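1. After the sequence you'll find the predicted model.
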Amino acid sequence: MENAFVEKARENHEKGYNCAQSVACAFLPVLSIDESTLFSVMEGFGGGMGGNEATCGALSGAVAVASLLTSSGKVENLTKAKTYELAKQMVELFEQRTQSLVCKELKGTESGVALRSCPLCIEDAVLIAQQVLHIE
């Protein structure tokens, strides 16, 4: 059986969502945020941070999910360390799997050798988020 979160992320990307939006919005069933707000927040993270081909948008989407699930939304509740710990785990696992965190390296923009396609980065980010955040 297909993974529902991966399938939703794929559908999102096929509809024109950027990589960050595709990943983050796939997790709407477990988040306390509406799609329009999450879509808007994630918009600038696409294309490797505003089209700069820097940090992979799919990974940014996964980290956003961790933040939304972990943060209390209040500085005095001291959730930052836990959120950072989860984000660090995701970054490390993503880099191990894809060999880079950088969009232009993943897509092979400068080298001509793609390490990973956007659809595969999206799938990787979803699976890693599920693993680290224990989402089934």
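-> Cool, got the structure.

2. So which elements touch the helix or strand containing Leu59?
-> Using DSSP states H and E, Leu59 sits in helix 57-70. If you count contacts as 3 or more C-beta pairs under 8 Å, 6 or more residues apart in numbering; DSSP states H and E, helix 57-70 packs onto helix 19-26, helix 35-42, helix 46-49, helix 80-98, helix 118-133. C-beta coordinates here come from the backbone N, C-alpha and C atoms, glycine included.

3. which secondary structure elements does the shortest one contact?
-> To tie it back to what came earlier, the one meant is helix 46-49. Partner elements for helix 46-49 (3+ C-beta pairs under 8 Å, 6+ apart): helix 19-26, helix 57-70, helix 103-107.

4. Could you report the separation of the closest residue to Ala54 other than its chain neighbours from Val63?
-> The shortest distance from Ala54 to any non-neighbouring residue, by C-beta to C-beta, 6 or more residues apart in numbering, is to Gly48 (4.5 Å). Note on Gly48: its distance to Val63, by C-beta to C-beta, to the nearest Å, is 14 Å.

5. Give me the three-state assignment for the residue lying farthest from the centre of the chain.
-> Here the chain reaches farthest from its C-alpha mean at Glu76, the gap being 26.6 Å by C-alpha atoms, centre = their mean. Look at Glu76: counting by DSSP: H, G, I helix; E, B strand; the rest coil, its state is helix.

6. ok, it to Leu69 distance?
-> 19 Å.

7. likewise Ile122?
-> Ile122 is 19 Å from Leu69, by C-beta to C-beta.

8. Good, wrapping up.
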